[in-house]
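Undergrad: Test case, fold it:
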Amino acid sequence: MIVLPRSNILSFKIRFFSRSVPYFFSKNNCISLYSSLSTKKSNSHFDSSVSLSQPLDVSVDYLIIGGGVVGLAIAERLSKRKGKSTLLIEKNFKVNEETSSRNSEVIHAGLYYPNNSLKTHLCIRGKRLLYSLLFSNYSGQINYNDSPTDDSFIIDSLLVSNSFEKSKSLTIPYYRTGKWVVAQTDDESNYLTALQEKSTKIGVPTYFLSEKLQKSQEPHVNAIRVLVSPTTGIFDSHAFINWLEWKIQDNDGNIAVNSKVTNIIPGNDGDNRGYIIEITSASSTPSKIKIFAKSVINSAGLYSDKIANMILPPSHHYKLYHVKGHYYGYRGSDLKVNHLIYPVPPKNLANLGIHLILDLNGRIRFGPDVLYIQRPDDYEINVDDESRKDAFFNAVKTYIPTIKKDKLYADYTGIRPKLSGPGEPFKDFVIKEEIDCGFDGFVNLVGIESPGLTSSLAIGEMVDNILKDR
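TA: As a prediction, this is how the structure comes out:
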């Protein structure tokens, strides 16, 4: 891992545990920065480090901006390319500090969004790739393959983790809990009928549950009708991100933290076309460096519009909205639930409603809600906010009438980047090479909110295909 240090001296601190010494490619020739350092693999992260205190211009084939799960998944994919160099840069002091670390950790099935949308396609594809990876926990060869073409292997596999206890022994813990979507009115029941028909068309298994089975399986849940999504699950997203980080470096890719992009300049030097990325270390006495990249992938999450707009003309600028979601935990052993429980979502799909989620220890959480905010770093949570607690209680008691308000507590918040403002209709992911603006090899990913975590491996695959000839 490359760290731009908190000093006014430009230096690199390299941490890695790959098989061989990583190379950077300068504009003039190929040089090894660390040819005198021998390494050996370790099961622990970042076991070796060296420092080099001199100004450097670095050139790479692929530069990924943003160290969330999507950026890491893209870097993991691109770093597999032989003879190519891959560098991921992250402005924070470590990866996984923002949206990717503050979410529900749900493996979504891909039910809700329009059939022809990227959110539907990438969620379904990403779910299959992710389960392929998670099933490999049992073989000891943690990896995924790109062969799954339907969901049958998820349902039929003997390797599925279907208990909290079983999941704890895995390298990347997961549990295929299944999800219930619950209706409280006739209109919502009609919505479930349409949702089941839709799921059949897109190849996502669902089924309706009889009233008898509903009561026996989840006696605390109230609903006039239940649609079950058996491929929905939960997993340890932090362990998944650690795996991605390891794979990038095992593939001889690199990760640079404390590296904030301040400017992007298109470069054209004959056949050597690309982009000059100006980087500043995030400190009170910043260091600066310029990196030349043949291809740039903007996966900056909450700040992806700002990065995109550094290079795009004003007529093509993106505008992101920032939505804070609060999560509430539940104290006490009076409420036992085995599945994720989701209400019918609002028609504009601005969110999926305040739902019940489980973590891998079986603890119950509720959320998230929707609060549009101005600052993308406003993670503050008011533990004494009774009005918000009332709102959560009233939303949850429609499907769990036995819930006790005094056992709810403010737990944490997450912020997600949205392309749709308050009251606006559904907007899809933007994943686009900006060829129309003359920026070949510059790929923007904007508005990657839920189901971005589930979709991450599929997004990596898509970006790999976009850049297949580069």
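
Undergrad: show me where the chain has helices.
TA: 69-78, 118-135, 152-156, 164-167, 186-202, 211-217, 237-250, 304-309, 386-396, 452-466 (DSSP state H).

Undergrad: Which of those sits closest to K260?
TA: helix 304-309 (10.4 Å; CB to CB). C-beta coordinates here come from the backbone N, C-alpha and C atoms, glycine included.

Undergrad: Looks like I357 contacts N103 (just checking).
TA: No - when contacts are counted by CB atoms under 8 Å, I357 is not listed as touching N103 (9.7 Å).

Undergrad: Columns mean pLDDT on top of the helices of the chain, output as TSV?
TA: Below are the helices of the chain laid out as TSV (pLDDT from 0 to 100):
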stretch	mean pLDDT
helix 69-78	98
helix 118-135	97
helix 152-156	85
helix 164-167	72
helix 186-202	97
helix 211-217	96
helix 237-250	96
helix 304-309	98
helix 386-396	97
helix 452-466	98
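
Undergrad: Flag the shaky bits of the protein, pLDDT-wise.
TA: Where the chain drops to pLDDT under 70, the residues are 1-57, 139-141, 158-159, 162, 166, 268-271, 282-284, 348-350.

Undergrad: And R225, how close does it get to Q184?
TA: To Q184, R225 is 9 Å away according to CB to CB, to the nearest Å.

Undergrad: Which residues does stretch 389-403 contact?
TA: 182, 184, 220-223, 326, 328, 330, 334-335, 337, 341, 343, 353-354, 356, 366-367, 369, 405, 408, 410 (CB atoms under 8 Å, 6 or more residues apart in numbering).

Undergrad: on that earlier part again, pick the most deeply packed of the helices of the chain.
TA: Of all those, helix 69-78 has the most neighbours on average by mean count of other CB atoms under 10 Å, namely a mean of 29.

Undergrad: name the helices or strands packed onto that one?
TA: Using 3 or more CB pairs under 8 Å, 6 or more residues apart in numbering; DSSP states H and E, the elements in contact with helix 69-78 are strand 58-65, strand 86-89, helix 237-250, strand 288-298, helix 452-466.

Undergrad: Measure how far that helix is from the centre of its chain, please.
TA: Relative to its chain's centre, helix 69-78 lies at 10 Å (CA atoms, centre = their mean, to the nearest Å).

Undergrad: Can you give the contact residues for it?
TA: Helix 69-78 has contacts (CB under 8 Å, 6+ apart) with 62, 64-65, 84, 86, 88, 90, 95-96, 100, 237, 240-241, 244-245, 247-248, 251, 253, 255, 297, 299-301, 445, 448, 452-453, 455-457, 459-461, 463-464, 467.

Undergrad: Kindly report the same for stretch 191-209.
TA: Against stretch 191-209 from outside (CB under 8 Å, 6+ apart): 109-112, 115, 120, 124, 150-151, 155, 180-181, 183, 217, 225-231, 344.

Undergrad: Using ChimeraX, make a named selection holding only the buried ones among these.
TA: To isolate the buried ones among the contacts of stretch 191-209 in ChimeraX, judged by 16 or more other CB atoms under 10 Å, type:
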select :109,110,111,112,120,124,151,180,181,183,217,225,226,227,228,229,230,231,344
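
Undergrad: Please narrow the contacts of stretch 191-209 to those residing in strands.
TA: Judged by DSSP state E, strands contain the following of the contacts of stretch 191-209: W180, V181, A183, R225, V226, L227, V228, S229.

Undergrad: can you list the residues you listed in JSON lines and add distance to T280?
TA: Below are the ones in strands among the contacts of stretch 191-209 laid out as JSON lines (distance: CB to CB, whole Å):
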{"residue": "W180", "distance to T280": "48"}
{"residue": "V181", "distance to T280": "46"}
{"residue": "A183", "distance to T280": "52"}
{"residue": "R225", "distance to T280": "55"}
{"residue": "V226", "distance to T280": "53"}
{"residue": "L227", "distance to T280": "50"}
{"residue": "V228", "distance to T280": "50"}
{"residue": "S229", "distance to T280": "45"}
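
Undergrad: And the residues you listed, which is closest to E424?
TA: Closest to E424, out of all of the ones in strands among the contacts of stretch 191-209 and judged by CB to CB, is V181, at 23.8 Å.

Undergrad: just checking, the closest one touches R225?
TA: No - with contact defined as CB under 8 Å, V181 does not count as touching R225 (9.1 Å).

Undergrad: V70 and Y113: what is the separation?
TA: Separation of V70 from Y113 (CB to CB): 17 Å.

Undergrad: How about N137?
TA: N137 sits 29 Å away from Y113, going by CB to CB.

Undergrad: Repeat that for I357.
TA: For I357, the distance to Y113 equals 19 Å [CB to CB].

Undergrad: Filter the contacts of stretch 389-403 down to the buried ones and hand me the ChimeraX line.
TA: Paste this into ChimeraX to select the buried members of these, with burial taken from 16+ other CB under 10 Å:
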select :182,221,223,326,328,330,337,341,343,353,354,356,366,367,369,408,410
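
Undergrad: So what's the residue count around Y399?
TA: Look at Y399: counted by other CB atoms under 10 Å, it has 25 neighbours.

Undergrad: Skipping adjacent residues, who's closest to it in space?
TA: Spatially, and ignoring its direct neighbours in sequence, Y399 is nearest to V182 (5.0 Å; CB to CB, 6 or more residues apart in numbering).

Undergrad: Isn't I381 up against I415?
TA: No - the pair I381 / I415 is not scored as a contact, 11.6 Å apart, by CB under 8 Å.

Undergrad: quick one: which of these two has more around it?
TA: Legend: neighbour count by other CB under 10 Å for I381 and I415, higher for I415 (24 against 15).

Undergrad: give me every residue that touches the closest residue to I373 other than its chain neighbours.
TA: The shortest distance from I373 to any non-neighbouring residue, by CB to CB, 6+ apart, is to K324 (4.9 Å). By CB under 8 Å, 6+ apart, the contact list for K324 reads L371, Y372, I373, D378, Y379, T413, G414, I415.
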